[in-house]
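Chemist: okay, here's the prediction I keep looking at, along with the sequence it came from:
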Amino acid sequence: MSINWVYEYREVTDEDIATFNKHKDQINEKFREKFPSIPEDFELKPMRYRCAPACGKIEDFQVALPDNKFIRLQLTLGGYQRYTPDGQPIKETTSVYVFDDLLSSLDE
């Protein structure tokens, strides 16, 4: 194990897949915006996962595409608790970011 183990991808677990599936509609929407040429019926499948330490939660997935290509996508969930002007906590939402580059392997 290297010193940067926390930043290295690993195989997905059932828990990682559950997280991915929880946000699947949002992931699909962002993915289709960025890669409209991928067939609509193609099922996105997470292959590898990492979670970097941060003040919130940053989860990265490597996802398989057709033709042995892969993409990276990131789920982020806030850091500091925010409040409305009257002091009520604001419910945090998860943001999805799909990276622009297509990868030829999971090792890129």
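Modeler: Received it, and whenever you're ready, just let me know what you need.

Chemist: pull out the buried residues from the helix or strand of the chain with the lowest mean pLDDT.
Modeler: Here the helix or strand of the chain ranked lowest by mean pLDDT, DSSP states H and E is strand 94-98, holding a mean of 84. Residues 94, 96, 98 are the ones in strand 94-98 that count as buried (16 or more other C-beta atoms under 10 Å). C-beta here means a position set from N, CA and C on the backbone, and glycine is covered the same way.

Chemist: off-centre distance for it?
Modeler: Offset of strand 94-98 from its chain centre (C-alpha atoms, centre = their mean, to the nearest Å): 6 Å.

Chemist: please apply the same query to stretch 86-103.
Modeler: The answer for stretch 86-103 is 10 Å, by C-alpha atoms, centre = their mean.

Chemist: quote the end-to-end distance of that stretch.
Modeler: Using C-alpha to C-alpha, to the nearest Å, one end of stretch 86-103 lies 46 Å from the other.

Chemist: any chance you could list what contacts it?
Modeler: 23, 26-27, 29-31, 33-35, 56, 62, 65, 69-78, 81-84 (C-beta atoms under 8 Å, 6 or more residues apart in numbering).

Chemist: so of those, which ones are in helices?
Modeler: Among the contacts of stretch 86-103, the members found in helices (DSSP state H) are 26-27, 29-31, 33-34.

Chemist: ok, which pair from the residues you listed is furthest apart?
Modeler: Maximum pairwise distance in these, criterion C-beta to C-beta, is 13.1 Å, between Q26 and K34.
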